[in-house]
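# let's see this in three dimensions:
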Amino acid sequence: MLWYGRLEPAIILAMLRTSTLIPLFLCGVALLAAAEKQVVQPKEFAPGRPFSPGILADGTLYVAGQIGQDLKTGKMGETFEDEVKLTLQNIGIILKEAGYDFKDAVSCTVYLTDISLFQRMNTVYTTFFPEPRPVRATVAVASLVGTAKIEISLTAWKDPKSKGKAKK
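Numbering: from 1, shown residues only. Down below sits the predicted model:
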């Protein structure tokens, strides 16, 4: 009698499962390794910072928190509304570099040093985002970098198979 003739059916079934699962597992690992993660670094943003302005991975763009600082002069917006506008314009530069737009935004987090500024922030914010607007969390914080009163981070998504692919 051959050696495999003495194996129990349960052992044979387990061996078949294992021999099928290992190649499937390896294919999955290969697909994950092939998933592209791309830094979005517009020329307007200084290189060498301890974070990337944006990361694009499988159709999802993650935009780092931005403040209302003029990228050329380094000055903050004169009024709070100017600061909000500059914050969103800075985000817009990153979106554009990746081939995205505010209409592609799916989620935002807004940090305010003074929650009483909420309505004033909304007045400017809503002019940048078309309907349907992204989901959003607004959080009051004790302070932000420098004199910033607002910081916004954003996540955007596009189907990577669509005609409007992100720039490479």
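# can you pull the contacts of residue 47?
Taking Cβ atoms under 8 Å, 6 or more residues apart in numbering as the criterion, residue 47 is in contact with residue 41. Where C-beta positions appear, they are placed from N, C-alpha and C, glycine not excepted.
# using the three-state scheme, assign the most centrally placed residue in the chain.
Centroid-nearest residue in the chain, with Cα atoms, centre = their mean: residue 62, separated by 1.4 Å. What DSSP: H, G, I helix; E, B strand; the rest coil gives for residue 62 is strand.
# that one reaches residue 51, doesn't it?
No - contact criterion Cβ atoms under 8 Å: residue 62 and residue 51 do not qualify, at 10.6 Å.
# helix, strand or coil for residue 49?
coil.
# the nearest residue to residue 160 once chain neighbours are set aside - how many residues pack around it?
Leaving aside its sequence neighbours, residue 160 sits nearest to residue 59 (Cβ to Cβ, 6 or more residues apart in numbering; 3.9 Å). Here the number of neighbours of residue 59 (other Cβ atoms under 10 Å) works out to 16.
# mind checking pLDDT for residue 59?
The per-residue pLDDT reported for residue 59 equals 95.
# for it, give me phi and psi.
Residue 59 has phi and psi values of phi 90, psi -10 when expressed as degrees, to the nearest 10.
# I'd guessed it sits against residue 159; true?
Yes - taking Cβ under 8 Å as the contact criterion, residue 59 and residue 159 are neighbours in contact, 6.0 Å apart.
# could you point out which element follows the lowest-mean-pLDDT helix or strand in the chain?
Lowest by mean pLDDT, DSSP states H and E among the helices and strands of the chain is helix 9-34, with a mean of 53. Downstream of helix 9-34, the next assigned helix or strand under DSSP states H and E is strand 37-40.
# now do the helix or strand following that next one: which elements does it pack against?
Later in the chain than strand 37-40, the nearest helix or strand by DSSP H and E is strand 54-57. When contacts are defined as 3 or more Cβ pairs under 8 Å, 6 or more residues apart in numbering; DSSP states H and E, strand 54-57 sits against strand 37-40, strand 60-67, helix 80-98.
# can you list the strands that strand 54-57 pairs with?
Strand 54-57 has the following sheet partners, assigned by DSSP bridges: strand 37-40 (antiparallel), strand 60-67 (antiparallel).
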